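Undergrad: Next one to model:
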Amino acid sequence: MGEILVKKIIINDSNLEDKDIDYSVIRVKALVVNEEGKLILAHNNGTFQFPGGHLEEDENLKDALIREVKEETGINNMGVRDCFLEIVTYDDNYFDSGKHVINKIYYYKIETKDKPDLNNTSYDEIESSTPFNLYYLDDYKLIDFINKKLETKEIDEKIAREMLLVAEAYNYIYKEEDVI
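TA: Sure thing, here's the model as predicted:
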């Protein structure tokens with residue numbers, strides 16, 4: 001793919017083996033950063049998360065990322081950096097389906113000077129079922145923000161665990177870089 005993958009994290013709390021897996025899910029997510037160094041976080045279905053979503057058939061990772069971020073934020077102009085993290089989670093009861101699933105999520109940094117355009121979004125059925133909101137957050141406050149939302153139960157625990165891993169990798173890789 002020509003992408004630089006800096007780190008891969010495997011989460012397998014159920015000690016599943018590949019032979020146990022019913023199917024796999026591939027998703028892409030982005031830490032979308034504006035020119036002031038603020039991240040865009042999505043809030044939907046009772047939790048915070050990074051913008052992104054599922055890879056569609058015959059779609060490469062970067063195309064899926066651009067499509068998903070545009071659908072959720074309405075942002076058209078984005079500078080997509082290489083993938084900096086892959087998190088692979090073995091789930092023994094994926095969304096209470098009883099299925100054993102490998103969930104692979106590829107994380108990218110996106111830089112943009114554009115502001116979200118909520119009139120140019122295209123939410124799927126699940127995203128449309130509850131209010132979909134976007135929030136700006138200083139990137140250096142991300143870990144504290146996630147931990148506070150965990151304490152108040154305003155974020156899903158599994159998603160928070162994942163977001164903390166992403167935030168640590170992001171800080172390690174991009175901490176010394178200048179804003180756009």
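Undergrad: can you list the residues that contact the top strand by length along the chain?
TA: Counting residues, the longest strand in the chain under DSSP state E turns out to be strand 79-91. Residues outside strand 79-91 that contact it (C-beta atoms under 8 Å, 6 or more residues apart in numbering): 3-14, 16, 21, 30, 61-62, 65-66, 100-112, 162, 165-166, 169-170, 173-174, 180. Just so you know, the C-beta spots here come from the backbone N, C-alpha and C atoms, and that holds for glycine as well.
Undergrad: Of the residues you listed, which belong to helices?
TA: When helices are assigned by DSSP state H, the members of the contacts of strand 79-91 inside them are 61, 62, 65, 66, 162, 165, 166, 169, 170, 173, 174.
Undergrad: Among those, the buried ones, what's the ChimeraX command?
TA: What follows is the ChimeraX syntax for the buried subset of those, where burial is set by 16 or more other C-beta atoms under 10 Å:
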select :61,62,65,66,162,165,166,169,170,173,174
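Undergrad: between the ones in helices among the contacts of strand 79-91, which is closest to residue 45?
TA: Nearest to residue 45 among the ones in helices among the contacts of strand 79-91 is residue 162, at 15.0 Å by C-beta to C-beta.
Undergrad: Give me the nearest residue to that closest one, chain neighbours excluded.
TA: Closest residue to residue 162 apart from its sequence neighbours, by C-beta to C-beta, 6 or more residues apart in numbering: residue 87 at 5.8 Å.
Undergrad: Could you list everything the one you found pairs with in the sheet?
TA: On the basis of DSSP bridges, residue 87 takes part in beta bridges with residue 9, residue 105.
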